[in-house]
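[1] Predicted model and sequence below, questions to follow.
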Amino acid sequence: MTARRAGVKRKPKVPLKRVLNLVVTALVICLGPILIGVGTHLVDVDEELAQTGAQVAGTVVKFDDDVTKASARRMKVEFQAWDGSDHATWAAVDHDQHPAVGDEVTVAYREQDAGQAIVLGFESDGVWLRGVGVVLTVIFGGLGLIFVIAFLRGYFRKGPKGT
């Protein structure tokens with residue numbers, strides 16, 4: 001017959017809720033750097049397109065100048081590719097820029113795919129993503145650092161076994 005060993009201490013199992021909280025926390029902390037990377041990639045692609053793409057004149061066909069909504073400051077620009085096909089693209093508008101419907105702007109597009117186009121002189125969507133990534137990294141990375149420091153302070157005050 002086997003008897004229970006009274007002297008053997010067993011490690012308590014980590015509850016699933018605690019593991020899920022750790023996974024979600026790690027994902028949130030990693031979200032900022034991921035957005036920074038994606039935003040930087042989009043900016044690089046747009047810069048490459050501005051240098052190597054075909055450039056044509058485009059016309060602003062829609063723009064809402066509501067300065068209270070920074071995310072809504074976008075304009076729609078229609079342009080005609082070299083093959084005669086009509087296309088449209090959207091561009092983010094900075095607060096110091098004030099285009100009007102009917103204004104002419106320069107559009108750069110990929111000759112193989114005119115659907116990939118940017119409006120020169122206006123922001124790339126990657127700038128917004130990169131900014132959000134920086135904000136999230138500062139907030140959640142800072143909070144994570146504070147929690148790690150608080151944990152380590154408590155750990156070293158009590159000792160490794162809580163004595």
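    Thanks, I have it.
[2] So which elements touch the top helix by length along the chain?
    Longest helix in the chain, counting residues (DSSP state H): helix 16-52. Under the contact criterion of 3 or more C-beta pairs under 8 Å, 6 or more residues apart in numbering; DSSP states H and E, helix 16-52 touches strand 104-110, strand 113-119, helix 125-158. Where you see a C-beta, it was placed from the backbone N, CA and C, and this is true even at glycine.
[3] between the ones you listed, which one is nearest to residue 34?
    Nearest to residue 34 among these is helix 125-158 (7.1 Å), distances taken as C-beta to C-beta.
[4] Count the residues that sit near residue 130.
    Number of residues near residue 130 (other C-beta atoms under 10 Å) recorded here: 20.
[5] Show the contacting residues for the residue nearest to residue 86 when sequence neighbours are not counted.
    Computed as C-beta to C-beta, 6 or more residues apart in numbering, the closest residue to residue 86 that is not its neighbour in sequence is residue 80, at 5.6 Å. Listed by C-beta atoms under 8 Å, 6 or more residues apart in numbering, the contact set of residue 80 reads 56, 86-87.
[6] Which pLDDT does the model give residue 80?
    pLDDT recorded at residue 80 is 92.
[7] Give me the buried entries from the contacts of residue 80.
    Neighbour-count burial (16 or more other C-beta atoms under 10 Å) is assigned, among the contacts of residue 80, to 56, 87.
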